[in-house]
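Novice: need coordinates for the below:
(one chain, ligands or ions: 1)
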Amino acid sequence: MTRPADPPGDETNNNAERKMRFLFALRSKGVTEARVLHAMEKVDRGLFVRGLFAERAYEDMPLPIACGQTISQPSVVGLMTQALRLQPRDKVLEVGTGSGYQAAILSHLVRRVYTIDRHRRLVREAEAVFQALHIANITALSGDGSRGLPDQAPFDRIIVTAAAEDTPGPLLAQLKIGGIMVLPVGQSDAVQSLIRVTRLATGYDYEELRPVRFVPLVEGLAND
Ligand code: SAH
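Specialist: As a prediction, this is how the structure comes out:
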């Protein structure tokens, strides 16, 4: 017996429904800023997840990527993006390129994104996706992001997507006055806190935002 063919438009309906569920999950977890939701609607997370897990790309969960790393949970990406209070003219540094998904979201919201990862392979693969998406305002580099990117400093915003025990000093130094940095801080296997650091003329203001769980920030360039 042959199965009747799917009616035309079914695929489109499935995609639309999947997207609606994805956005609904984000909203219900507190991602409410229209600009951020719009950017997350535009960037297809499926392109940043390969292999076995690709079909789970639209679920609100972290997933494994190459080099033993993870692509963050979409709602956490949204909440961190919101916490940065981005302005369209901003120059942003992301430490921890991973899949490139967070950088791609940022690229829709600001003028220029620099993203750095200690795994060259991840940088290469992320760059290929940026090219396929015709994203032209991201510079992806391999290196130890815990030292920041002195050549391009200072930055309006810095986002770190791997957890350090403490806020790395070079990153604090590379933040503009009035600039904002969002990062997870804490022991890698214990509870970490997402914090927002604002650089004031006279020092730094720290706010604790929520508990999170990220892979550790590791010093030095990896071998792959
Ligand atoms: N933002 C990513 C998720 C990153 S996972 C995304 O959207 O997919 C954390 C990443 O931080 C990993 O890829 C890891 O290699 C990287 N990382 C860890 N320590 C680092 C360091 N010192 N410098 C640069 N990248 C680092």
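
Novice: who's in contact with the closest residue to Gln73 other than its chain neighbours?
Specialist: Nearest non-adjacent residue to Gln73, counting by C-beta to C-beta, 6 or more residues apart in numbering: Pro62, 4.7 Å away. C-beta coordinates here come from the backbone N, C-alpha and C atoms, glycine included. Pro62 makes contact with Thr70, Ile71, Ser72, Gln73, Val76, according to C-beta atoms under 8 Å, 6 or more residues apart in numbering.

Novice: these two touch, right, the last one and Val212?
Specialist: It refers to Val76. Yes. The pair Val76 / Val212 is scored as a contact, 6.3 Å apart, by C-beta atoms under 8 Å.

Novice: pLDDT below threshold where in this structure?
Specialist: 1-11, 188-189 (pLDDT under 70).

Novice: before we move on, the earlier item: now narrow the contacts of Pro62 to whatever sits close to the ligand.
Specialist: Thr70, Ile71, Ser72 (C-beta under 6 Å from any ligand atom).

Novice: the ligand: which of these is nearest?
Specialist: The ligand lies nearest to Ile71 out of those, by C-beta to the nearest ligand atom, at 3.9 Å.

Novice: now do that closest one against Val123, distance only.
Specialist: Using C-beta to C-beta, to the nearest Å, we find Ile71 at a distance of 14 Å from Val123.

Novice: before we move on, back to that, distance to Ser28 added to the contacts of Pro62, as CSV?
Specialist: Converted to CSV, these look like this (distance: C-beta to C-beta, whole Å):
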residue, distance to Ser28
Thr70, 22
Ile71, 20
Ser72, 17
Gln73, 13
Val76, 14
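
Novice: run through the bridge partners of the residue nearest to Val191 when sequence neighbours are not counted.
Specialist: The spatial neighbour of Val191 that comes closest, neighbours along the chain excluded (C-beta to C-beta, 6+ apart), is Pro211 at 5.4 Å. For Pro211, the beta-bridge partners under DSSP bridges are Ser193.

Novice: which parts of the protein are helices?
Specialist: Using DSSP state H, the helices of the chain run over 10-28, 34-42, 74-83, 101-107, 120-132, 169-173.

Novice: highest average neighbour count across those helices?
Specialist: helix 101-107 (a mean of 26; mean count of other C-beta atoms under 10 Å).

Novice: which residues does it contact?
Specialist: For helix 101-107, contacts defined as C-beta under 8 Å, 6+ apart pick out 36, 39-40, 43, 45, 48, 71-72, 77, 80-81, 86, 92, 94, 96-97, 113, 115, 126, 129-130, 133, 135, 137-138, 140, 159, 161.

Novice: next up, phi/psi of the residue nearest to Leu86 when sequence neighbours are not counted, please.
Specialist: Spatially, and ignoring its direct neighbours in sequence, Leu86 is nearest to Leu109 (4.8 Å; C-beta to C-beta, 6+ apart). Torsion angles at Leu109 (phi, psi; degrees, to the nearest 10) stand at phi -110, psi -20.
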